[in-house]
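**Q** Sequence first, predicted model second:
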Amino acid sequence: MSGERTATPPGVRRLEDGYPRTVTSSSLVNEKVAMSFLQARTIELWDVNNPDLDTSPMAVVALVNRIAAVLEQATEQLYDSAALTPAEVKLLVPLRYLEEPVTAAYLAAQLGMSRAGVSKTLAKLEKRGFIARSAKPADRRATLISITPEAERAIGDVFPRELEAHARLLAGLGRERDTVLTSLHRLADTMESRMAGGNA
């Protein structure tokens, strides 16, 4: 009947049963508890209510999103006062020490970004003097992208601090770091191969 609450299976706690209802940015521990419980409960409810639906991807995607969210939170204050945005840094860091300029299409392919997104970010960077464009000798229709001294200084200011923030998060892995890296590579390679194969 509409409006009735789904019965909670034995041993499963409801959100009302002692878990925080609201989350504030100043309570990271409570946020993790609430988020992990809500994700688990959501997966469980979708599984119960859709027995013919494969809900197993939800667990993997939830963890990936959780990691991405923590990484973003770790650098929020850093970027509040930075001359660059995270998206701009993602493009400029590979360019910093390259011996030769590259095309926007190359950047998009190598970084796993859409060409439209790369073009939009590059346009903003060019307007602010952080990249320069030049014609590709072998193909005058293509444009080569290179970093400017202004961008080198900006990257030199923000990226080392981002690395420090991420290093603090990952320090707890200890000897398990290689195992985690292997699993993440496996996940990325599997997903990319499935995309390339048309999800066959």
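**A** Cool, got the structure.
**Q** Can you tell me which residue is spatially central in the chain?
**A** The geometric centre of the chain, computed from its C-alpha atoms, lies nearest to residue 68 (Cα atoms, centre = their mean), at 4.4 Å.
**Q** how about it, phi and psi?
**A** Note on residue 68: its backbone torsions stand at phi -60, psi -40 [degrees, to the nearest 10].
**Q** With residue 131 instead?
**A** phi -140, psi 160.
**Q** I'd assumed residue 123 was in contact with it.
**A** No - applying Cβ atoms under 8 Å, one finds residue 131 not in contact with residue 123, separated by 9.4 Å. Glycine gets a C-beta too; all of them are placed from N, C-alpha and C.
**Q** Look at these two and report which has more neighbours.
**A** residue 131 (24 against 11; other Cβ atoms under 10 Å).
**Q** check which helix or strand covers the closest residue to the more buried one other than its chain neighbours.
**A** Closest residue to residue 131 apart from its sequence neighbours, by Cβ to Cβ, 6 or more residues apart in numbering: residue 125 at 4.6 Å. Take DSSP states H and E as the rule and residue 125 turns out to sit in helix 115-127.
**Q** Using CSV, write out the CA atom coordinates for the next helix or strand after that helix.
**A** Sequence-wise, the next helix or strand downstream of helix 115-127 (DSSP H and E) is strand 131-136. Extracted C-alpha coordinates of strand 131-136, given in CSV (Å, rounded to 0.1, in the frame of the first residue of the first chain):
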residue,chain,number,x,y,z
ILE,A,131,48.4,28.9,-22.3
ALA,A,132,49.5,29.8,-25.8
ARG,A,133,48.3,28.4,-29.1
SER,A,134,50.3,27.8,-32.3
ALA,A,135,49.6,26.1,-35.6
LYS,A,136,50.8,22.6,-36.0
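**Q** how about strand 131-136: buried residues?
**A** By 16 or more other Cβ atoms under 10 Å, the buried positions in strand 131-136 come out as residue 131.
**Q** Please report the distance of the spatially closest residue to residue 84 that is not a sequence neighbour from residue 130.
**A** Nearest non-adjacent residue to residue 84, counting by Cβ to Cβ, 6+ apart: residue 154, 5.3 Å away. Distance from residue 154 to residue 130, counting by Cβ to Cβ, to the nearest Å: 7 Å.
**Q** Could you do residue 195 as well?
**A** Going from residue 195 to residue 130 by Cβ to Cβ gives 31 Å.
**Q** And the top strand by length along the chain, what's buried?
**A** Scanning the chain for the strand with the most residues, using DSSP state E, yields strand 139-147. Within strand 139-147, the residues that count as buried by 16+ other Cβ under 10 Å are 144, 145, 147.
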